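Novice: structure of the sequence below:
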Amino acid sequence: MGVLKLFEMASRMDKVGVALTRVGLIIVLLWIGGLKAFRYEADGIVPFVANSPTMSFFYADPANYKSHRNPEGALVPENRAWHEANRTYTFAYGLGSVIVLYGLLLCLHPVLPQAAAVGSFLVFIMSFVTLSFLITTPECWVADLGEAQHGFPYLSGAGRLVIKDAIMMGAALVTMADSAKAYLKKRLHATKGALN
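Specialist: Numbering: from 1, shown residues only. A predicted model of the protein is given here:
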C-alpha cells in the first residue's frame, strides 16, 4: 500500500473522528458531572470556585478555603463540617447536574440535532470559563517552595487538568457544527417533503 493510499484513507476518517469526538465528550461530561456528587471531587474544585470572580459568591466563606483543604481520600471531620457550612457540596451537586445535562443534550444528536448543537455550544462556554481558572486560581501554577521552576509557565497538577479544556473547547465546536449541519439537513428534507 502506497503512502498516497494511506493519506486517502486518512482523509475519509473525518466522520469517524467527529463521532468519536462526540462520544468522548459525552463520556467525560457524564463521568465528571456524576463525580461531582462525591465529596472528594467537590473538595477538589474548591480553589477554582473560591478564586473565581464569577463563581465565588456560591460559597459562604470562599476566602478561608486554604485552611480546610482535604487531600483526596482523606476524611477530616472538621474540614468536612466546614465544607458543609461553606455550601461546597451543594454547589458541586448543582454543577454536576448541569454538566450531566450537557452530556445528555449531546446524546440527542441522532434524534434532536438542534438540542445537541445547543449542548455543544454550552460545553464550549463551560470550557472557556474553565480555562479562565488559569488566570484566577493561583493553585494552577507550581508554588514557590524553593525550586527555581515556579509560577508561569510551570503548570501544577490543577493547571494541567484545566489546560486540557482547550481540547474540549475545540471538540465542542466540532460537534456543534456537525449537529447544526444535521439539523439544517433534516429541516431541508422536511421542507421538500411538504412541498411534494
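
Novice: look up how far residue 106 lies from the spatially most central residue of the chain.
Specialist: With distances taken as Cα atoms, centre = their mean, the residue of the chain nearest its centroid is residue 127 (5.3 Å). As for residue 127, its distance to residue 106 is 13 Å (criterion: Cβ to Cβ, to the nearest Å). C-betas here are computed from N, CA, C, even on glycine.

Novice: for this protein, what spans make up the strands?
Specialist: In the chain, no strands are found when defined by DSSP state E.

Novice: for the chain, what's the longest helix?
Specialist: helix 165-195 (DSSP state H).

Novice: that one: how far from the chain's middle?
Specialist: Computed by Cα atoms, centre = their mean, to the nearest Å, the chain-centroid distance of helix 165-195 equals 21 Å.

Novice: list the buried residues of it.
Specialist: Under the neighbour-count criterion of 16 or more other Cβ atoms under 10 Å, helix 165-195 has 165, 168-169, 171-172, 174-176, 178-180, 182-183 buried.

Novice: same check, this time on stretch 29-49
Specialist: For stretch 29-49, by 16+ other Cβ under 10 Å, it's 29-30, 33, 36, 39, 41-49.

Novice: setting the sequence-adjacent residues aside, check what's closest to residue 43.
Specialist: Nearest non-adjacent residue to residue 43, counting by Cβ to Cβ, 6 or more residues apart in numbering: residue 70, 4.5 Å away.

Novice: so the one you found touches residue 78, yeah?
Specialist: No. Assessed by Cβ atoms under 8 Å, residue 70 is found out of contact with residue 78, at 10.2 Å.

Novice: more crowded one of those two?
Specialist: Remark: of residue 70 and residue 78, residue 70 carries more neighbours, 19 against 8, as counted by other Cβ atoms under 10 Å.

Novice: okay, the more buried one and residue 130: tell me how far apart.
Specialist: 21 Å.

Novice: do residue 92 as well
Specialist: Distance from residue 92 to residue 130, counting by Cβ to Cβ: 15 Å.

Novice: look at the two and report which has more neighbours.
Specialist: residue 92 (24 against 19).

Novice: so the more buried one is in contact with residue 35, correct?
Specialist: No. Using Cβ under 8 Å, residue 92 makes no contact with residue 35, being 9.1 Å away.

Novice: shared neighbours of the two, anything?
Specialist: residue 41 (Cβ atoms under 8 Å, 6 or more residues apart in numbering).

Novice: coming back round to it: out of the buried residues of stretch 29-49, which is nearest to residue 101?
Specialist: Residue 101 lies nearest to residue 33 out of the buried residues of stretch 29-49, by Cβ to Cβ, at 7.9 Å.

Novice: excluding sequence neighbours, find me the nearest residue to the residue nearest to the centre of the chain.
Specialist: Nearest residue to residue 127, sequence neighbours excluded (Cβ to Cβ, 6+ apart): residue 169, at 3.7 Å.

Novice: these two touch, right, the one you found and residue 129?
Specialist: No. With contact defined as Cβ under 8 Å, residue 169 does not reach residue 129; the gap is 10.1 Å.
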